[in-house]
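> No sequence on hand, only this structure:
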Ligand SMILES: [Zn+2]
């Protein structure tokens with residue numbers, strides 16, 4: 001699943017392609033918004049909050065979340081889609097836009113297989129993202145508030161708190177596992193027994209360092225297969241001590257369990 005760094009890059013690409021353009025036609029393929037007509041609206045800006053994308057038009061915000069399989073594609077109108085048509089959830093055609101080649105063509109933005117898609121009034125964005133915790137990739141990052149939310153339940157495992165988007169926004173499973181390895185902490189460790197400031201500050205440094213990279217790196221090694229310490233590496237030797245990396249499951253309940261990876265020697 002894309003994490004905050006990936007989603008911020010996506011929002012940046014959408015903003016660069018679409019900001020300032022007027023929509024000529026819209027087709028929202030989810031029942032709740034099927035009658036919406038966004039023609040005549042301009043794309044004011046596209047921003048991310050955590051893993052959520054907010055495409056702000058004149059009056060309306062198009063809110064989306066990629067979840068597992070979602071994607072946004074932008075291409076000249078008439079380009080053959082690279083994903084099946086039945087996966088399209090929203091299609092936005094623009095008025096002709098200046099191309100790098102010098103001519104002007106309409107663009108088309110298509111949201112495929114979006115896990116969430118809502119249209120809300122601009123002044124009602126809080127209905128879809130108001131619950132989210134501070135985002136370390138946002139200009140208004142509030143470290144103190146993130147710490148307050150992360151430590152609100154001292155008995156909760158740190159591995160769960162870090163993934164809770166209501167506490168801090170943008171971290172997913174790769175960052176959770178990598179940061180806890182680097183801090184020598186097992187994911188099940190209660191928040192109250194964890195140096196949460198140390199964990200948070202390192203997680204923030206890592207996600208910021210990866211914001212402008214196409215490949216997520218936590219090991220400092222850019223070579224393929226060597227970019228992460230423990231995530232996706234169960235059964236393979238720890239890069240530090242050689243012990244076999246193990247995997248487990250951690251969730252608030254069985255329906256929300258996600259995989260954990262850890263070194264049983266480096267993390268205690
Ligand atoms: Zn180790």
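Thanks, I have it. These numbers come from a predicted model, not from an experiment.
> got a list of contacts for the helix or strand hosting residue 205?
Using DSSP states H and E, residue 205 maps to helix 196-209. With contact meaning CB atoms under 8 Å, 6 or more residues apart in numbering, helix 196-209 is reached by 3-5, 136-137, 141, 143, 146-147, 150-151, 158, 161-162, 168, 170-171, 175, 178-180, 182-183, 185, 217-218. For the C-beta atoms, the positions are set from N, CA and C on the backbone; glycine is no exception.
> Pull out the buried positions in it.
196, 199, 200, 201, 202, 203, 204, 206, 207 (16 or more other CB atoms under 10 Å).
> Redo the residues you listed as JSON lines? Include pLDDT and distance to the ion.
Shown next, in JSON lines, are the buried residues of helix 196-209 (pLDDT from 0 to 100; distance: CB to the ion, whole Å):
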{"residue": "196", "pLDDT": "98", "distance to the ion": "22"}
{"residue": "199", "pLDDT": "98", "distance to the ion": "18"}
{"residue": "200", "pLDDT": "98", "distance to the ion": "22"}
{"residue": "201", "pLDDT": "98", "distance to the ion": "22"}
{"residue": "202", "pLDDT": "97", "distance to the ion": "17"}
{"residue": "203", "pLDDT": "97", "distance to the ion": "19"}
{"residue": "204", "pLDDT": "97", "distance to the ion": "24"}
{"residue": "206", "pLDDT": "94", "distance to the ion": "18"}
{"residue": "207", "pLDDT": "95", "distance to the ion": "23"}
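> strand partners of the strand ranked longest in the chain, parallel vs antiparallel please.
The longest strand of the chain (DSSP state E) is strand 88-98. Here strand 88-98 has these sheet partners by DSSP bridges: strand 23-28 (antiparallel), strand 104-112 (antiparallel).
> Measure how far that strand is from the centre of its chain, please.
In terms of CA atoms, centre = their mean, to the nearest Å, the centre of strand 88-98 is found 23 Å from the chain centre.
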